[in-house]
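Asks: okay, sequence plus prediction incoming.
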Amino acid sequence: MEVKSLSVVMPNYNHARFISMALTAILEQSRRPLEVIVIDDGSRDNSIEVIESFVRRDPIVRLLRHERNQGLMAAVATGVGAARGDYLFIPSADDFILPGFFEKALRLLEAHPQAGLAFAFGSWFDGNTGKVEPSRSKLSSEPCYLAPQQLATKLEGLIPGHAAIIKRSAFTEVGGYRAELRGYCDIFVNHVVAFRYGACFLPECLSLWRNTPASFSVQAYSDRIQRLDMLGNFLRLLIMPEYRNLLPLFEQSCVIRLIGPDLAHAACHAGLDRDPDVISLVAALRDEDLAIVARDDSPAVRELNRRAILSKLARPSSGPEETLVELYRKTCDLQSQVRELRNFVGLIRNSPPFILRRRLAPKVRSLRNGIGRLSMWLRKGRPACR
């Protein structure tokens, strides 16, 4: 078994109060990385002072500096460009890993060299209360390798960037973190690599993401227009020729379903609502989400939903339960039957016998009334009317 090396690439911007904990956890791992590259992206706090204290203390720590803030993607690109390891771990400076993460992940990757990455539970902790949420997954009860199709079928949640170690060559091959994706940058890279090469899974809580209002992910998702822009760019990339063969795996997996109704809004926002591949991706949403989209105020979103449902109707049913799509099909059948009945009734109403009966009906009613009055007069011996 060939021993593989690991480069840690840690971007930092004004996280002096957190980075000491993050670096300490990395340097105390039972299996140490080849290098820890910290890219300070123009911090204005005392981050440089804290990082340099680790540089002096441990020779595997390196500091690269951006004189002015260029953003997370630029910082990661700088670090990856300087990295020499076979694998990359790209944590935020405010997250931290737990003991044994590197040893367990690299051992699994060395046993399955075809895998594009290894990941553990997408665990997080509340930055204010310290409460830990392990976010367990039922993918497997044992460490394992999952081929692309297996992974797409079984995946229950997103592959977490803060708990993933990725092959450097695969990361570079898919273009790394893209600025236009912002909060979806790691989601795109991780899933494209995993669906192309398969992934190793560790059923443990081994890395924690710090959940605070100031975190990059929280800020990236908080603005709706910005979120729709990110999702629109996500869709543009997925339908490019180099990724189109992965679309069936994205559709089968939970990735699209977890995005929810925003996917349809983003498609319309980006002008992609008539693209067949995008329509197919929207059709992969859960039935309850399609029902929500069907009631949207936007005519364009409702029309995309209609196209998506028609696309879904062309696929075989996935189970015995009555889904929204099956109900939609029955509704279409009933509407067709109603139209046929209305046409039939129209033909009857316009037929000569029906027209004759309709014309004679008032005279028949008048005659019946006259007979009735005459009968009453005969019974009572006096006129029924004057």
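Replies: Happy to help now that I have it.
Asks: what about the lengthiest helix in the chain, average pLDDT?
Replies: Criterion DSSP state H: the longest helix present in the chain is helix 352-380. Across helix 352-380, pLDDT averages out at 75.
Asks: and stretch 69-78, by the same measure?
Replies: 94.
Asks: give the buried residues for it.
Replies: By neighbour count with 16 or more other C-beta atoms under 10 Å, stretch 69-78 contains the buried residues 70-78. (Glycine included, C-beta is placed from N, CA and C.)
Asks: please produce CSV containing those residues, extended by secondary structure.
Replies: Output for the buried residues of stretch 69-78, formatted as CSV (DSSP: H, G, I helix; E, B strand; the rest coil):
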residue, secondary structure
Gln70, coil
Gly71, coil
Leu72, helix
Met73, helix
Ala74, helix
Ala75, helix
Val76, helix
Ala77, helix
Thr78, helix
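Asks: least trustworthy helix or strand in this protein by mean pLDDT?
Replies: Lowest by mean pLDDT, DSSP states H and E among the helices and strands of the chain is helix 216-222, with a mean of 59.
Asks: need the next SSE after it, C-terminal direction.
Replies: Downstream of helix 216-222, the first helix or strand assigned by DSSP states H and E is helix 224-238.
Asks: from the middle of its chain, how far away would stretch 147-154 be?
Replies: Put simply, stretch 147-154 sits 16 Å off its chain's centre (C-alpha atoms, centre = their mean, to the nearest Å).
Asks: list the contacts of that stretch.
Replies: If you take C-beta atoms under 8 Å, 6 or more residues apart in numbering as the criterion, stretch 147-154 is touched by 139-140, 146, 194-199, 248-250, 252-253.
Asks: just the buried members of those residues?
Replies: Counted by 16+ other C-beta under 10 Å, those give 139, 146, 194-199, 249-250, 252-253 as buried.
Asks: let's see which of those end up in helices.
Replies: Counting by DSSP H, the buried ones among the contacts of stretch 147-154 place 194-197, 249-250, 252 in helices.
Asks: looking at those, which is nearest Lys312?
Replies: For those, the residue nearest Lys312 by C-beta to C-beta is Gln252; the value is 13.3 Å.
Asks: return the residues in contact with the closest one.
Replies: 152-153, 284.
Asks: most neighbours, which of these?
Replies: Of these, Ala284 is surrounded by the most neighbours, 24 neighbours in total, counting by other C-beta atoms under 10 Å.
Asks: nearest spatial neighbour of that residue, skipping sequence neighbours?
Replies: The shortest distance from Ala284 to any non-neighbouring residue, by C-beta to C-beta, 6 or more residues apart in numbering, is to Glu251 (4.0 Å).
Asks: against Trp124, how distant is that neighbour?
Replies: Distance from Glu251 to Trp124, counting by C-beta to C-beta, to the nearest Å: 27 Å.
Asks: sorry, back to before: mind listing which of the contacts of Gln252 are in helices?
Replies: 152-153.
Asks: JSON lines for the contacts of Gln252, including pLDDT and distance to Ile159?
Replies: JSON lines is the format used below for the contacts of Gln252 (pLDDT from 0 to 100; distance: C-beta to C-beta, whole Å):
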{"residue": "Ala152", "pLDDT": "96", "distance to Ile159": "12"}
{"residue": "Thr153", "pLDDT": "94", "distance to Ile159": "15"}
{"residue": "Ala284", "pLDDT": "92", "distance to Ile159": "18"}
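Asks: so which of the contacts of Gln252 is the closest to Ile165?
Replies: Using C-beta to C-beta, the contacts of Gln252 come closest to Ile165 at Ala152, 20.3 Å.
Asks: and the furthest pair within the contacts of stretch 147-154?
Replies: Across the contacts of stretch 147-154 (C-beta to C-beta), the longest gap, 22.4 Å, separates Ser140 and Pro248.
Asks: now pLDDT and distance to Ser92 too, for the ones in helices among the buried ones among the contacts of stretch 147-154, in CSV please.
Replies: Formatted as CSV, those follow (pLDDT from 0 to 100; distance: C-beta to C-beta, whole Å):
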residue, pLDDT, distance to Ser92
Ala194, 98, 20
Phe195, 98, 24
Arg196, 97, 25
Tyr197, 98, 25
Leu249, 96, 27
Phe250, 96, 25
Gln252, 93, 30
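Asks: so Ile37 is in contact with Leu64, correct?
Replies: Yes - assessed by C-beta atoms under 8 Å, Ile37 is found in contact with Leu64 at 6.3 Å.
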